[in-house]
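# Build me a model:
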Amino acid sequence: MSKKKINIVVIGATGYTGLDLIYLLSKHPKANIINLCATKKLGKKINFFDKRIKKKLPKISSIKKVNWKKINLAFLSLPNGEAQKIIKKIYYKYQNIKFIDLSADFRIRDRKKYKKYYKKKHKATKLIKNSIYAISEFVKNEIYKYRIIANPGCYPTSIQIPLIPLIKKNLINTKNITIDSKSGYSGAGKNLEKKFKHKNLYYSTFAYSTKNHRHISEIEQEFKKHTKKNIKFTFNPHILPTFRGILTSIYIELRKNSSSKKIRNELIKYYKNDKFIKIMKLNSELGSGNVLNTNNCEISVCNTRIKNKIVIFAAIDNLIKGASGQAIQNMNLLYKHPASLGLK
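This is a model prediction of the structure:
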């Protein structure tokens, strides 16, 4: 392992994801945080926003203050549409810099689909081919070849980790998959009240965007990339009156040669070298409680009362494995460090 530290700038430092990212980086043995950037509260110390962060770090500054010659890696935790503008300005001028983008700006390969789902014209289309969509467990042998890392969405992470190995092995019927995901409200960011106006927001459960949720394009794209098939699924997201955590329930019809035991064994085999993926005993009850504040994904395969139907539960922390933790896991892989470095 290289002794050299990674010089880092975090752009979008004061959102929920940015703060979790900085908290984790502040404890990472290879991270050297040079700049923390935001557009408001300039000059404030980072522990003004998050008391967990004890390490002395640079004060919040404008991106204009960054000396890019000193930077190895930029984390971007910004609203959709902003990262692509920044990366476009820097990519060719400073060729030593790598980027990990936590927005959707480089997740979608088709610019028309990006515009359809995100209502914005992509401003850096020539750079899409230079990026990689990176669920860490799927890209660990190739991520280091890229400079732009598209960190996945939280819902798609909880969905793809249990499903893609099974679809690849043809163990499940891919014509009618029902995916039901429930997330803590931090997934909507600090502008939650502008996005969701339903009654008793912090005390109720709310279903939304069943037909055209933004993450559908991401899930569809990755299913096809890994399996060469058009997978038919419905995706139903819900927001819960809890701050963090995702529980995804996936309802599946088994193929004739399959069984719940085979499904579980395939997942164990597939993830045998991945420390963050935990496959529970068959028919284990599962909630998000165990994974909060960790980079783990817990998976439980359960029989239902219908013989050929099962449900797979997957639990992650939306702000860590679904965002900042996976971003650091990707940083580790990018620089050929152990995937779990700084995340234990």
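
# For burial, what's the neighbour tally of the nearest residue to Asn318 once chain neighbours are set aside?
The shortest distance from Asn318 to any non-neighbouring residue, by Cβ to Cβ, 6 or more residues apart in numbering, is to Cys154 (4.0 Å). C-beta here means a position set from N, CA and C on the backbone, and glycine is covered the same way. For Cys154, the tally of surrounding residues (other Cβ atoms under 10 Å) stands at 28.

# What ranges does this protein have for its helices?
When secondary structure is read from DSSP state H, the chain shows helices at 16-25, 83-90, 111-118, 136-139, 154-168, 192-195, 215-227, 260-270, 325-334.

# Among these, which comes closest to Tyr251?
helix 154-168 (11.5 Å; Cβ to Cβ).

# Output the contacting helices and strands for that closest one.
With contacts taken as 3 or more Cβ pairs under 8 Å, 6 or more residues apart in numbering; DSSP states H and E, helix 154-168 sits against helix 136-139, strand 177-184, helix 215-227, strand 233-240, strand 246-253, helix 260-270, strand 297-303, strand 309-316.

# And the pLDDT at Leu102?
If you check Leu102, the pLDDT there is 97.

# What about it, how many residues nearby?
Each residue near Leu102 was counted by other Cβ under 10 Å, and the total is 27.

# And the one 10 residues further on, by the same measure?
Neighbourhood size, Lys112 [other Cβ under 10 Å]: 10.

# give the contact list for Leu343.
24, 276, 295, 325, 328-329, 332 (Cβ atoms under 8 Å, 6 or more residues apart in numbering).

# Which two of those have the greatest separation?
Spatial extent of these (Cβ to Cβ) is set by the pair Leu24 and Phe276 at 13.4 Å.

# Looking at those two, which is more packed in?
When Leu24 and Phe276 are compared for neighbours, Phe276 comes out ahead with 23 against 20, by other Cβ under 10 Å.

# Please point out which parts of stretch 47-54 sit buried.
Residues 49-50, 53 are the ones in stretch 47-54 that count as buried (16 or more other Cβ atoms under 10 Å).

# Gly81: which of those is nearest?
Proximity of the buried residues of stretch 47-54 to Gly81 was ranked by Cβ to Cβ; the top entry is Phe49 with 23.3 Å.

# could you list every residue that touches that closest one?
For Phe49, the contacting residues are 13-14, 19, 41, by Cβ under 8 Å, 6+ apart.

# how about 6 Å then?
Neighbour list for Phe49: 14, 19 [criterion: Cβ atoms under 6 Å, 6 or more residues apart in numbering].

# cool, the one 4 residues further on as well?
Each residue near Ile53 by Cβ under 6 Å, 6+ apart is listed here: 23, 26, 46-47.

# Mind doing that once more with 8 Å?
So, once contact is read as Cβ under 8 Å, 6+ apart, Ile53 ends up touching 19, 22-23, 26, 46-47.

# One more: Ile316?
Counting by Cβ under 8 Å, 6+ apart, Ile316 touches 154, 157-158, 245-246, 288, 291, 296-298, 322.

# Tell me how far Ile11 lies from Lys272.
Distance, Ile11 to Lys272, by Cβ to Cβ, to the nearest Å: 36 Å.

# Of those two, which one has the most company?
Neighbour comparison, Ile11 and Lys272: the larger count goes to Ile11, with 23 against 9 (by other Cβ under 10 Å).

# surely that one meets Ile71?
No - in this structure, Ile11 is not within contact of Ile71 by Cβ atoms under 8 Å, at 10.5 Å.

# quick one on the thing from earlier: so which of the helices of the chain is the most packed in?
Comparing the helices of the chain by mean neighbour count (mean count of other Cβ atoms under 10 Å), helix 325-334 ranks first with a mean of 26.

# quick one: contacts of that one?
Residues lying outside helix 325-334 but in contact with it, judged by Cβ under 8 Å, 6+ apart, are 6, 20-21, 24-25, 28, 31, 73, 75, 98, 100, 102, 134-136, 139-140, 143-144, 146, 149, 151-152, 157, 276, 294-295, 317, 319-320, 337-343.

# Drop the exposed ones from the residues you listed and show what's left.
Members of the contacts of helix 325-334 that pass the buried threshold by neighbour count (16+ other Cβ under 10 Å) are listed as 6, 20-21, 24-25, 28, 31, 73, 75, 98, 100, 102, 134-136, 139-140, 143, 146, 149, 151-152, 157, 276, 294-295, 317, 319-320, 337, 339, 341-343.

# which residue packs closest to Ile216, ignoring adjacent ones?
With Cβ to Cβ, 6+ apart as the measure, Phe235 is the residue that lies nearest to Ile216, at 5.6 Å, once sequence neighbours are left out.

# ok, that neighbour - contacts?
The contact partners of Phe235, by Cβ under 8 Å, 6+ apart, come to 155, 159, 179, 181, 210, 213, 215-216, 219.

# so which of those residues comes closest to Tyr92?
Minimum separation from Tyr92 among these (Cβ to Cβ) is found for His215, which lies at 30.5 Å.

# Any figure for the gap between Ile246 and Thr234?
Remark: distance between Ile246 and Thr234 (Cβ to Cβ) = 17 Å.
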